[in-house]
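> Take this sequence and fold it.
(chains A and B)
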Amino acid sequence: MTKSSFSNIQSEYLALIDHNKCVRCKRCIQNCGWGTYSFGGDKILADHSKCVACGRCYTYCPEGAISIVKNPTVLRENANWKEGLIKNIWRQSETGGIVISGMGTTFKYKKYFDHILLDACQVTNPSIDPLREPMELRTYLGKKPSRLDVGLDENGEPVLKSKMPPQIELQTPFVFGAMSYGSISLNAQKAMALAARALGIVMNTGEGGLHDDLVPFGKNIIVQVASGRFGVHRDYLNSGVAVEIKIGQGAKPGIGGHLPGEKIGADISKTRMIPVGTDAISPAPHHDIYSIEDLRQLIYAVKEATDYEKPVSVKVAAVHNIAAIVSGIVRAGADIVYIDGYTGGTGAAPNIIKDHVGIPIELALAQVDERLRDEGIRNEASIIAAGSIRSSADAVKAIALGADAVAIGTAALVVMGCHVCGKCNTGNCSWGITTQRPELVRRLDPEVYGERLYNLISAWSHEIQEVLGAMGVNSIESLRGSRERLRGVELTDAELKALGIKHAGL
Amino acid sequence: MFRIKNKFNAERDISGCGLCGIINAKKIKTNGSDIKKSISVEHDRGNGLGGGFAVYGNYPDYAELYAFHIMYDNLSAKADVEEYIKNNFIIEKEEPIPTFRTSKIYDHPYLHRYFIKPKSDRPDKLFHELGDDDFVVNSVMLINQNYDGAYVFSSGKNMGAFKGVGYPEDIADFYKLEEIEGYMWTAHNRFPTNTPGWWGGAHPFTLLDWSIVHNGEISSYGINKRYLEMYKYNLALKTDTEVITYILDLLIRKHKLPISLALTVLASPFYQKIDKMDGEKRELFTALRQIYGSALLNGPFAIVFGHSNGMVAMNDRIKLRPLVAAAMGDFTYVASEEAAIRAVCPSPDIVWSPKAGEPVIVEFEEKNIHQKGGLLGL
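Below you'll find the model as predicted:
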């Protein structure tokens, strides 16, 4: 009797093998991180209960003999008592635990990006052809003075009188979102580092410290300081182009993190500066930040430690009062504010938080941008928007709503093979992304996936250039915050007002 | 028929146009017949729904006073605005702006002008210490926004805007410009596509001594507007021209940028060019873009920008609208079409087409023409 027989919870998926095609090469056994497959003497056997539909096995089956199908056995349909709710009750009654999963929420909330349409030129102003004219995407993140301070030199030529605050230069308005070494593998981080360097953008260490192998990529790295302070030391703070203080994360606003001891091997132990095998627990709050004035102290402590040469970013989850919170963060001295919407990803979070806490990035972003403008401080900090940017179209809309740049996390992992199975927390990722098992990590080739990440961001950048050209502008700063180029469809007046855009046709 | 306020429920005004400008660097005055002749050559660039002129040096007797040209669509608006003006300004002289009925301009608002200066003990002094210029700007915005039926055409010293709904040559006759003398003239012929027949929508658009005539549609209008609103500019008119005027006001008057630098904000060089500049210059231009990216005017435009020290004409950064310049002695001419220049100056010393984003800058009483590219390149 298999374990699933003891449980009410039936397998979600069936791993079906066409034994006529199968040549018994056993690659599926080797490739599956979940232990779904075994060899039964003359044929491959599948334990369906272990399958998470991560797609690894059929991708690597040379004979195309595997198909993963949704288990056709049904629970009685009930729009109120949905399948997921019933299964969670069974799970929790069996274990007494909190239901945890990885990636972002799977709930079907309204996706505002999908209800926003872009403008284009017709007749009265010309569109611009990005194949023939320069189309600028370069973006600088950091505090901008409200005015240029110029004097004249001896020849009467204007010169800068005061130095600009430090900026991060991005060749295209994308950054890789924070994903720590521990939550993902070192090879996954290396792939992003290689891509970031080739693209002229940045990746983010997350709160897992900076592995020695990544030190040479410093010019393309933002180092993070989070509530666990893992791997934080003076050299660490100075090893990237900026320092990010992580307050919250879109997938789990208000709660901390927990990297279980079994994932803390020698390498992670060294990078995080904690003993091998101990749980790495990030408290829910920073225990030295219980107020906005405490945040200010940490921002300036970081600035002191980095000699005011690095912009300081503050990452927060989009919650109900986000506009006022970000205003406070900007006034506390942050040079960049990273806002993570509720559909953002995570390595592990309780479903209750992931599925029910926070607000959409589109609304948060629009409100923050408007608030900072009302207060006359929009120039004081750049805004990075995150929380499931799924395409270049999402990026364009986010920028037009007011973001300086967007961060991508899940999309970058999808490049590496992720099928968004949501089991990152288990450490069994067959693609070698969210695992520390050496035999799984080894299969993720940083060079191969670094190049694919490069391809993706290049492709998205070209798409943004197409959109800019159609809109008749040739520089990304003419799109940034230009909500006049957006129109809503199928949105209520309240939603349009929150987004600060007009309905299509108006 | 005519409208004082923008009653069209349109977010913004877009229009195609023709423009021209004439300046004498030695401040020798000419009457309005040349500019009328020049702009009339560009008749087909407009559609009869907006024409106008700005002239500098026309009020020498009141050169130290702010000359307010105000249009009213009813007399009660006039009474209200005059009450405000009386409370806050010393009125040296006021009179109707002379107009002459023509067959073409048969319907027009009431047009009045005031030569005034802010009182030193005006009521708002209780709350803040605004300079005279700032107070005038605030007053203009207040009148335009809060006084229904009133709209300020111009508010500068020793200059004025004469504009309305009609072809520019008819507007010139309406104001009898051949009887007005000035050392700098700009003119505009409008082809509006969504606020037709509105007197306030005609160019030039002015603020203090700034006047702008403009051909184009700013594709970056949305962010330019939001950027200006952060600095408390009230964009009542919803026109591109208004945006340009306020950006120049912000950069030149408030942020004290040299004009040449302010212009590179409007049509900033591409990074591929900036990256090739030497150290300090590269730093300056990079900073300029970092700080003023939201003020970049993206999309097609040709503008002629008049101010108390001279005139500037320029194109957008990839020259999507026509602009031609010519020089003859102390005179510099700019226009959308070379024919408009040759109509009043058949054989200029030099004619050129300014490069994208490179301004033609003419200043009074100094060595004629200071400008980047263009002439120097020839």
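
> all contacts plus neighbour counts: C-alpha atoms, from now on.
OK.

> so for stretch A:65-77, what's the average pLDDT?
Averaging pLDDT along stretch A:65-77 yields 93.

> same question, stretch A:360-374
98.

> So which residues make contact with that stretch?
By C-alpha atoms under 8 Å, 6 or more residues apart in numbering or on different chains, the surrounding residues in contact with stretch A:360-374 are A:111-113, A:318-319, A:322-324, A:326-327, A:339-343, A:378, A:385-387, A:398, A:401-403, A:481, A:498-500, B:226-227, B:229-230.

> Just the buried residues of that stretch, please?
In terms of neighbour count (16 or more other C-alpha atoms under 10 Å in any protein chain shown), stretch A:360-374 has its buried residues at A:360-373.

> Can you pull up the residues of chain A that come close to chain B?
Where chain A comes near chain B, counting by C-alpha under 8 Å from any C-alpha of the partner chain, the residues are A:124-126, A:134, A:136, A:140, A:144-148, A:150, A:158-160, A:164, A:373-376, A:379, A:471-475, A:477-485.

> Inside strands: which ones of these?
Per DSSP state E, strands hold the following members of these: A:140, A:150, A:158, A:159, A:160.

> Kindly indicate the member of these with the most neighbours.
residue A:140 (22 neighbours; other C-alpha atoms under 10 Å in any protein chain shown).

> Which residue comes closest to that one once chain neighbours are left out?
residue A:169 (4.7 Å; C-alpha to C-alpha, 6 or more residues apart in numbering or on different chains).

> Low-confidence ranges, chain A, go.
A:1-6 (pLDDT under 70).

> now, which of the contacts of stretch A:360-374 lie within strands?
Those of these lying in strands (DSSP E): A:339, A:340, A:385, A:386.

> For the third one, grab the count of nearby residues.
In this case it means residue A:385. When neighbours are counted by other C-alpha under 10 Å, residue A:385 registers 32.

> Is it bridged to anything, and to what?
For residue A:385, the beta-bridge partners under DSSP bridges are residue A:339, residue A:406.

> Double-check that the residue nearest to residue A:140 belongs to a helix.
No: counting by DSSP: H, G, I helix; E, B strand; the rest coil, residue A:169 falls outside a helix, being strand.

> Got phi/psi on the residue of the stretch 351-500 of chain A found nearest chain B?
Proximity of the stretch 351-500 of chain A to chain B (C-alpha to the nearest C-alpha) peaks at residue A:482, 4.3 Å away. Torsion angles at residue A:482 (phi, psi; degrees, to the nearest 10) stand at phi -90, psi 80.

> got it, and residue B:149?
According to degrees, to the nearest 10, residue B:149 has phi 90, psi 10.

> Can you list the low-confidence ranges for the stretch 1-150 of chain B?
For the stretch 1-150 of chain B (pLDDT under 70), the answer is B:1-16.

> rerun at 80
The stretch 1-150 of chain B contains residues with pLDDT under 80 at B:1-16, B:102-103.

> quick one, strands of it?
Assigned by DSSP state E, counting those that start in this stretch, the strands in the stretch 1-150 of chain B fall at B:15-24, B:30-31, B:51-56, B:66-72, B:89-96, B:110-118, B:150-154.

> Contact residues of the stretch 201-350 of chain B facing chain A?
Residues of the stretch 201-350 of chain B lying near chain A (C-alpha under 8 Å from any C-alpha): B:216-224, B:226-227, B:229-231, B:255, B:257-258, B:261, B:270-271, B:280-281, B:283-284, B:287-288, B:290-294, B:296-300, B:320.

> which of those count as buried?
Here, 16+ other C-alpha under 10 Å leaves B:216-224, B:226-227, B:230, B:255, B:257-258, B:261, B:270-271, B:281, B:283-284, B:287-288, B:290-294, B:296-300, B:320 buried among those.

> coming back round to it: from the ones in strands among the residues of chain A next to chain B, which two are the most distant?
A:140 and A:158 (22.4 Å; C-alpha to C-alpha).

> what's in contact with stretch A:121-133?
By C-alpha under 8 Å, 6+ apart, the list of residues contacting stretch A:121-133 reads A:120, A:465-466, A:468-474, B:14-16, B:216-219, B:299-300, B:320.
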